[in-house]
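**Student:** here's my sequence, what's the structure:
(2 chains)
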Amino acid sequence: GDSVTQMEGPVTLSEEAFLTINCTYTATGYPSLFWYVQYPGEGLQLLLKATKADDKGSNKGFEATYRKETTSFHLEKGSVQVSDSAVYFCALSSNSGYSTLTFGKGTMLLVSP
Amino acid sequence: GAGVSQSPSNKVTEKGKDVELRCDPISGHTALYWYRQSLGQGLEFLIYFQGNSAPDKSGLPSDRFSAERTGGSVSTLTIQRTQQEDSAVYLCASSPFVAGTTHEQFFGPGTRLTVL
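**Tutor:** Here you go, the predicted structure:
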C-alpha cells in the first residue's frame, strides 16, 4: 500500500538557517504530494502541493519539488523564522477519484532566536 | 467564511463508555474525511464520505467505530465501549469533490479524546 517516510525530529535550527525536511514515498500510479503544517495549538493547514512530476510547490518561502525518479518531495526554506516552529507533515493522495491522504509521521521544527 | 468545526474540543471518558464526536464541514463541500492522530501511529485515515454515503470505511480500526453523515453536511463519529487505546485527536476534513481531480482538504481543529 501507499506509505510516506519523513525524517524524524525534532529539527532544531537557529533563526535564518537553511531548512531541509526529507520526505520519500511509495505509491502506485502518480500520486499528488502535499506538505501540511500544524502550528502549536492549531489545526492542520495545507502548506504546499504538487500534482505531477517535476512540479514545484511553494508558499511562505517554503518549496518542494516532486521528484518521481527518487520518489521524493523534500521541503526546503532558505531562511527560517521563529514563527516557522511547528510540526510538518508530508502526505500523498493516490488519484483514485477522491483524495484520501496518507501521512508521514510528522517532523517537529524548533527555531530559536 | 466559516471553516470546519468540531465538537467537543476535548472529551474525557471512562473506559467502556460510548462517545460521539461531531464534525461540521465547510458549506458546499461534498467530501468529508475522518482521521485519527495519535502519538504512536501518527495520522491515520478512518473513513470517507461522499454526500451521505461512505464508499471507503477501510480505516475504521474495529466494529466499535461507526460514522454517519446526514443531509450531506454534519457527520458524527461514534466509538462504542471505548478503550484506552482509542485516546487520540480525531480530525475531520472536508473538500469539494470533482472526479479525477485532487482538491485541498480543509481540516478542523480536532477533538482530543482521553479514555481513562
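**Student:** what is the helix or strand containing B:L46 packed up against?
**Tutor:** Per DSSP states H and E: B:L46 is located in strand B:42-50. If you count contacts as 3 or more Cβ pairs under 8 Å, 6 or more residues apart in numbering or on different chains; DSSP states H and E, strand B:42-50 packs onto strand A:102-103, strand B:31-38, strand B:53-56, strand B:65-69, strand B:75-79. The way it works is simple: take the backbone N, C-alpha and C, and place the C-beta from them, glycine included.
**Student:** packing partners of the shortest one?
**Tutor:** When you say that, I think you mean strand A:102-103. strand A:3-6, strand A:86-93, strand B:42-50.
**Student:** cool, the longest one as well?
**Tutor:** For strand B:31-38, the elements it packs on are strand B:42-50, strand B:75-79, strand B:88-95, judged by 3+ Cβ pairs under 8 Å, 6+ apart.
**Student:** give the pairing partners of it; include direction for each.
**Tutor:** strand B:42-50 (antiparallel), strand B:88-95 (antiparallel) (DSSP bridges).
**Student:** convert the longest one to PDB, retaining C-alpha atoms only.
**Tutor:** The C-alpha trace of strand B:42-50 is given here as PDB (Å, rounded to 0.1, in the frame of the first residue of the first chain):
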ATOM      1  CA  GLY B  42       0.700   9.400  13.500                       C
ATOM      2  CA  LEU B  43      -2.100  10.500  11.300                       C
ATOM      3  CA  GLU B  44      -4.400   7.700  10.100                       C
ATOM      4  CA  PHE B  45      -7.300   7.800   7.700                       C
ATOM      5  CA  LEU B  46     -10.600   6.400   9.200                       C
ATOM      6  CA  ILE B  47     -13.500   6.900   6.800                       C
ATOM      7  CA  TYR B  48     -14.500   8.900   3.800                       C
ATOM      8  CA  PHE B  49     -18.000  10.300   2.900                       C
ATOM      9  CA  GLN B  50     -19.200  11.400  -0.400                       C
END
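**Student:** buried stuff in it?
**Tutor:** Neighbour counts over strand B:42-50 (16 or more other Cβ atoms under 10 Å in any protein chain shown) mark B:42-50 as buried.
**Student:** quick check: angle from that strand to strand B:65-69?
**Tutor:** Put simply, strand B:42-50 runs at 40 degrees to strand B:65-69, going by axes from the mean of the first three to the mean of the last three Cα atoms, to 10 degrees.
**Student:** okay if I get the buried residues of strand B:42-50 as TSV plus pLDDT and distance to A:S93?
**Tutor:** Listed next are those as TSV, based on pLDDT from 0 to 100; distance: Cβ to Cβ, whole Å:
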residue	pLDDT	distance to A:S93
B:G42	83	16
B:L43	90	13
B:E44	92	15
B:F45	93	10
B:L46	96	16
B:I47	95	16
B:Y48	92	11
B:F49	93	16
B:Q50	90	15
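**Student:** so where's chain B uncertain?
**Tutor:** Scanning chain B for pLDDT under 70 picks out B:1, B:98-102.
**Student:** show me which residues of it are close to chain A?
**Tutor:** B:4, B:31, B:33, B:35, B:42-45, B:48, B:50, B:55-56, B:91, B:93, B:95, B:97, B:99-100, B:102-105, B:107-110 (Cβ under 8 Å from any Cβ of the partner chain).
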